[in-house]
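[1] My questions concern the predicted model and sequence given below.
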Amino acid sequence: MKFKFLKYISKDKNEILFAQIALVVILAMAIVFIERTLKYSDWPVDDSNSIQASLLINFKDKQRLFEGEVTNDMTIIDALNASAAAGQINFRYGINQEGKVKIMRINSHANNIDGKSFVFYLNSQKINSENINTIKISPEDKIEIRFE
């Protein structure tokens, strides 16, 4: 009896050893496959610092800062519209027949009231607000709107 029992145990040990080796090989192959899939995938890489611009609405009583991705041919008015939608800002403007922009309101501030109007800056340089629909922005640009 002892002989049959030892033979049965040794057979089980071989099967267990084979199963363990097979499991290790399968896991190693799975790890290599997953690593290569992640390494060469088309998943977006987080280089958000290099493709974003910022827009600061800088009124003396309130400041709001927005940052977002710059798309192809994006203009200042596009960035302002995107920020207004994201930040639930009341932004009213019109474009006349000549293609010039007339800003009427940003939240509770109305343009040309009490001698104050909206002044736009692109990378700290003052720009004409009538042209914000034609001035294209680039990654890392800083747009600022003041009520002066």
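    Sure, I can see it. Numbers count the residues shown, from 1 in each chain.

[2] okay, CA-based contacts and neighbour counts for the rest of this
    Will do.

[3] Which helix or strand contains Ile26?
    helix 2-39 (DSSP states H and E).

[4] Run a quick neighbour tally on Ile34.
    Residue neighbour count, defined by other Cα atoms under 10 Å, stands at 11 for Ile34.

[5] Tell me the spacing between it and Gln125.
    Distance of Ile34 to Gln125, given as Cα to Cα, to the nearest Å: 49 Å.

[6] One more: Lys136?
    Applying Cα to Cα, the value for Lys136 to Gln125 is 14 Å.

[7] would you list every one of the strands in the protein?
    52-59, 62-69, 91-95, 101-106, 109-110, 118-122, 125-127, 142-147 (DSSP state E).

[8] of all those strands, which lies closest to Ile16?
    Closest to Ile16 of these is strand 62-69 (Cα to Cα; 55.3 Å).

[9] Can you dump the C-alpha atoms of that closest one in CSV for me?
    Provided in CSV are the C-alpha atoms of strand 62-69 (Å, rounded to 0.1, in the frame of the first residue of the first chain):
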residue,chain,number,x,y,z
LYS,A,62,-13.9,89.7,-8.9
GLN,A,63,-11.3,87.6,-10.7
ARG,A,64,-11.9,84.4,-12.6
LEU,A,65,-9.1,82.3,-14.2
PHE,A,66,-9.7,79.7,-16.9
GLU,A,67,-7.3,77.3,-18.5
GLY,A,68,-8.0,75.1,-21.5
GLU,A,69,-6.7,73.4,-24.5
